[in-house]
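**Student:** Next input, structure requested:
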Amino acid sequence: MKLHEIRDNEGANQSKKRVARGPGSGKGKTAGRGIKGQKSRSGVAIGGYEGGQMPLYRRLPKRGFTKPNAKSFAVVNLGQIQGFIDAGKIDPKAELTEDALVASGLVRRRLDGIRLLAKGELKVGLTIAVTGASKSAVEAVEKAGGKVSLPAEPAAAE
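**Tutor:** Numbers count the residues shown, from 1 in each chain. Presented below is the predicted three-dimensional model:
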């Protein structure tokens, strides 16, 4: 077999049926749309219309609530940090700040802050400064001989 001998299988490529090109084409005149009626016209939009009946999307109950001012955090796992340390992308001796995480490429963007989670294992003691961390993540970092510093919690308004 040579490059110039390569062909598609028989019937693999079929040309598109051109409609409304005369009676000899087999799809002339009405172009396969039938005669009259809404669907034979152009600009038909009857996807959600049920002929006067209450549409399904309005009959079903709405559930839940989306908080308009919800914060979105970038998530970092301990295992990911360890992987970047092993690869030499993060210096374990320096303090690990949010800016350092973004600079190393572990986090693409900070969003409303970076949250540390405990998935994976950390083998070296690190000083990590992030917006938030799970209790198990803080325990795991302290167990490895490191420290997690979080911003001070704002005092509850009374």
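
**Student:** list the contacts for the residue nearest to Gly32 when sequence neighbours are not counted?
**Tutor:** Once flanking residues are discounted, Gly32 sits nearest to Val19: 6.0 Å by C-beta to C-beta, 6 or more residues apart in numbering. The C-beta positions use only the backbone N, C-alpha and C, and glycine is treated the same way. Taking C-beta atoms under 8 Å, 6 or more residues apart in numbering, we find Val19 in contact with 25, 27-28, 31-32.

**Student:** Would you show me how to pick out the buried ones of those in ChimeraX?
**Tutor:** Per 16 or more other C-beta atoms under 10 Å, the buried members of the contacts of Val19 correspond to this ChimeraX selection:
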select :27
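
**Student:** ok, which pair from the contacts of Val19 is furthest apart?
**Tutor:** Spatial extent of those (C-beta to C-beta) is set by the pair Ser25 and Gly32 at 10.4 Å.

**Student:** hang on, the earlier thing: how about the residue nearest to Gly32, phi and psi?
**Tutor:** phi -90, psi 160 (degrees, to the nearest 10).
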